[in-house]
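*Asks:* give me a 3D structure for the following:
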Amino acid sequence: MIRHAPDVRPEWLPLEADPGVVRRLAQELGVEPLLATLLVNRGVTTAEQARGFLEPSVDDLLDPLGLAGMDAAAERLARAVTDHERILVYGDADVDGLTSTGLLVQFLRMLSIEPLVYVPNRAYEGYSFTPAGVEHVLASGAQVVVSVDNGISSIDPVAQLQAAGIDVLVTDHHIPAERLPPAHAVVNPRRVDCEYAFKGLAGVGVAFKLACAVAGKLHRRLQLSDAMGRFLGESLAWVCMGTVSDMMPLRGENRVLVSRGLRALPRSTSPGLAALCRVAGLGEGADCRAEDIAFRLAPRLNAATRMGRSDLSVALVTASDPNEARRLADALDEANRNRQAAERELLEELQPLIDDTPPERPVLLASERWNTGLLGLVAGRVARERGVPVVLISSLQGEPAKGSCRSLPGFDAHAALEACREHLASHGGHPGAAGFSIESDRIDAFRDAFLGEWDRQNASGAAPVSKRYDAEVPLAGLTRKLVSAIDGLEPFGKDNPRPALVTGGLTLRETRRMGSDGQHLALTVAHGEAVMRAVAFSRGHWADRLPVGSRVDVLHSPKFNHFRGRTTVEMELLDIRPARLPGGTP
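*Replies:* Next up, the predicted model:
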């Protein structure tokens, strides 16, 4: 199991909301100062902003035709529907790409169109318009191709398809290069010429906007029934899954899309989504939260892709038969268990190599044996533990190596790869997560260039390691009322993290490992008469350094624990240190 380097314990720094703004907001909203503090820490400083944040409304959604290229894309797809042209949906194998594919396929079926579908297998082909993918499209007889969550960098492949008389509609959200692909239409909120007010849509968010625009154009032509409106509302289940999984900001439009989508998810009539929810224990009537997507749904959908069987996931999201969907969901559930075992094995293999890396430097490792589907997942886990960027590369003999980079706030992974592009065959991604391919003989040069970019972005030679928290709260102040107020800030995710609090001067009454393999940690902490349970996932190794009777401060998120009909408040630990704060934490 991964261990914190003892000399790189993160500093805890307060977010320091403006006291005057907090007082004014608390008075205007009639809420406790702590809730106002949490809102201000998230950039919400007026009562109007707060009401929009706490009660996301579909009235706040923007007109899809405001996206550059959307009118041309929607008009062409609407014409393809009315003329019964052959349409191919070209997807991607991550959760954002899969949900985009599922949404658009179901939308076209609502319009009595059975589309063709192609999703490259990342384990063998790579990403976006691959040579095999282009050949498939050319042989398919498709007249219109709609890419979802990919295509923005595929200049030559798109040109080839257009030259063959196939109209390509690119819908994507990844950062475009200076030159856009020569498609019939390109829809991407990050286009430099796009004046759309919200830039943070996921790929599935863009696909949803396309569906809405096409439905609007067809409404009068085909006299669409109310069923289409209900479908678009229900399809937000796909949108929330892809948005949360792709770690897109849960602000602006995404807050509306995800909030509404979480309500729709356990009631979905999509055979694939319903079956996936069933195996994850989120059947009809469940209270779905963003963390259920992150830890229960997305891992199952991702598991087959990571193990080289993305065809199972594609079949599930496009399934029309409930019995077949249930069979596929069970297969994904088994694949997820296999993925968990493979992940543990890879982590055990990596541990000695990680320990040999200077604690203040990025981890950059390569091997010919590693499963490329696990690289991003494991790199993210190591990055969170170490507090530094992590790059893992699998260099299979005879093929370009594939790499995954995971970072933390303060170091832009995408910009770092862009700075090292002379050593890479291809690259793409976001500031926090990026991927690339590289010829094996360029790995050493890339390593030197990447570490040089780390030094450049951090002139001191090491990034400041810190964890930010919202407020200090005494143990007795961690009440059910407080946790209910915190839950009102849902959905949590990127740009709206679950509040982190510090509670100091606690005494450890019990320390133990929990879980079948002892990988998790359970504590009992006390101050005076106040006693509370605390848990830390994947931190079982901390137990060896936390003797009973120790006085500690804890950085945590308070949550409800529902067990056997009883609801209690407990802490989910983010970090722990020897006590520096007085007991009771003012």
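*Asks:* so residue 186 is in contact with residue 170, correct?
*Replies:* Yes - counting by C-beta atoms under 8 Å, residue 186 sits close enough to residue 170 to count as a contact (4.6 Å). (Each C-beta comes from the backbone N, C-alpha and C, glycine too.)
*Asks:* neighbour count winner among the two?
*Replies:* The residue with the greater number of neighbours, taking residue 186 and residue 170 and applying other C-beta atoms under 10 Å, is residue 170; the counts read 30 against 25.
*Asks:* ramachandran coordinates for the residue lying closest to residue 454 once chain neighbours are set aside?
*Replies:* Nearest residue to residue 454 in three dimensions, chain neighbours excluded: residue 362, at 5.4 Å (C-beta to C-beta, 6 or more residues apart in numbering). Reported as degrees, to the nearest 10, the phi and psi values for residue 362 are phi -60, psi 150.
*Asks:* any idea how far residue 362 is from residue 137?
*Replies:* For residue 362, the distance to residue 137 equals 39 Å [C-beta to C-beta, to the nearest Å].
*Asks:* about what we covered before: list residues touching both of residue 186 and residue 170?
*Replies:* Common contacts of residue 186 and residue 170, defined by C-beta atoms under 8 Å, 6 or more residues apart in numbering, comprise residue 152.
*Asks:* skipping its backbone neighbours, what lies nearest residue 485 in space?
*Replies:* On the basis of C-beta to C-beta, 6+ apart, the spatially nearest residue to residue 485 that is not a chain neighbour turns out to be residue 35, at 4.9 Å.
*Asks:* wait, a strand at the one you found?
*Replies:* No - Residue 35 is assigned helix when assessed by DSSP: H, G, I helix; E, B strand; the rest coil, not a strand.
*Asks:* residues contacting it?
*Replies:* Contact partners of residue 35, counting by C-beta under 8 Å, 6+ apart, are 26, 29, 485, 486, 488.
*Asks:* most neighbours among these, which one is it?
*Replies:* In terms of neighbour count, residue 486 stands highest of those at 21 neighbours, by other C-beta under 10 Å.
*Asks:* quick check: that residue touching residue 38?
*Replies:* Yes - Residue 486 lies in contact with residue 38 (C-beta under 8 Å); the separation is 7.1 Å.
*Asks:* what touches both of the two?
*Replies:* By C-beta under 8 Å, 6+ apart, residue 486 and residue 38 have these common neighbours: residue 499.
*Asks:* just the ones of the contacts of residue 35 in helices?
*Replies:* Those of the contacts of residue 35 mapping onto helices are 26, 29, 485, 486, per DSSP state H.
*Asks:* in this structure the first one contacts residue 38, no?
*Replies:* No - using C-beta under 8 Å, residue 26 makes no contact with residue 38, being 10.9 Å away.
*Asks:* given the helix or strand of the chain with the lowest mean pLDDT, what are its sheet partners and their directions?
*Replies:* In the chain, no helix or strand scores lower on mean pLDDT, DSSP states H and E than strand 426-429, which sits at a mean of 83. Paired strands of strand 426-429, with direction, are strand 433-438 (antiparallel) (DSSP bridges).
*Asks:* after the partner strand, which helix or strand is next?
*Replies:* Next helix or strand after strand 433-438 toward the C-terminus (DSSP states H and E): helix 443-457.
*Asks:* who are the packing partners of that next one?
*Replies:* strand 363-367, helix 413-419 (3 or more C-beta pairs under 8 Å, 6 or more residues apart in numbering; DSSP states H and E).
*Asks:* could these go into CSV alongside mean pLDDT?
*Replies:* Supplementary listing: those in CSV, determined by pLDDT from 0 to 100:
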stretch, mean pLDDT
strand 363-367, 93
helix 413-419, 91
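*Asks:* okay, strands next: where are they in the stretch 151-300 of the chain?
*Replies:* Counting by DSSP state E, counting those that start in this stretch, the stretch 151-300 of the chain has strands at residues 167-171, 185-187.
*Asks:* and those strands, which is most packed in?
*Replies:* Scoring the strands of the stretch 151-300 of the chain by mean neighbour count under mean count of other C-beta atoms under 10 Å gives strand 167-171 as the most buried, with a mean of 28.
*Asks:* now the helices: where do they sit in the stretch 301-450 of the chain?
*Replies:* Taking DSSP state H, counting those that start in this stretch, the helices of the stretch 301-450 of the chain run over residues 310-317, 322-355, 375-386, 413-419, 443-457.
*Asks:* point out the most buried one among the ones you listed.
*Replies:* In terms of average neighbour count - mean count of other C-beta under 10 Å - the standout among the helices of the stretch 301-450 of the chain is helix 310-317, at a mean of 24.
*Asks:* ok, and what's touching that helix?
*Replies:* The set of residues that contact helix 310-317 without belonging to it, under C-beta under 8 Å, 6+ apart, is 91, 93, 98-99, 101-102, 105, 117, 119, 121-123, 272-273, 275-276, 301-302, 304-305, 324-325, 328-329, 331-332, 335.
*Asks:* how is the chain partitioned into domains?
*Replies:* Taking automatic domain parsing as the criterion, the chain consists of the domains 6-53+470-578, 63-334, 357-457.
*Asks:* return the most buried member of those.
*Replies:* domain 63-334 (a mean of 21).
*Asks:* ok now that domain, how far from the chain's centre?
*Replies:* Taking the mean of its C-alpha atoms, domain 63-334 sits 16 Å from the chain's own mean (C-alpha atoms, centre = their mean, to the nearest Å).
*Asks:* low-confidence stretches in the protein?
*Replies:* Counting by pLDDT under 70, the chain has low-confidence residues at 1-10, 221-224, 396-398, 459-465, 583-586.
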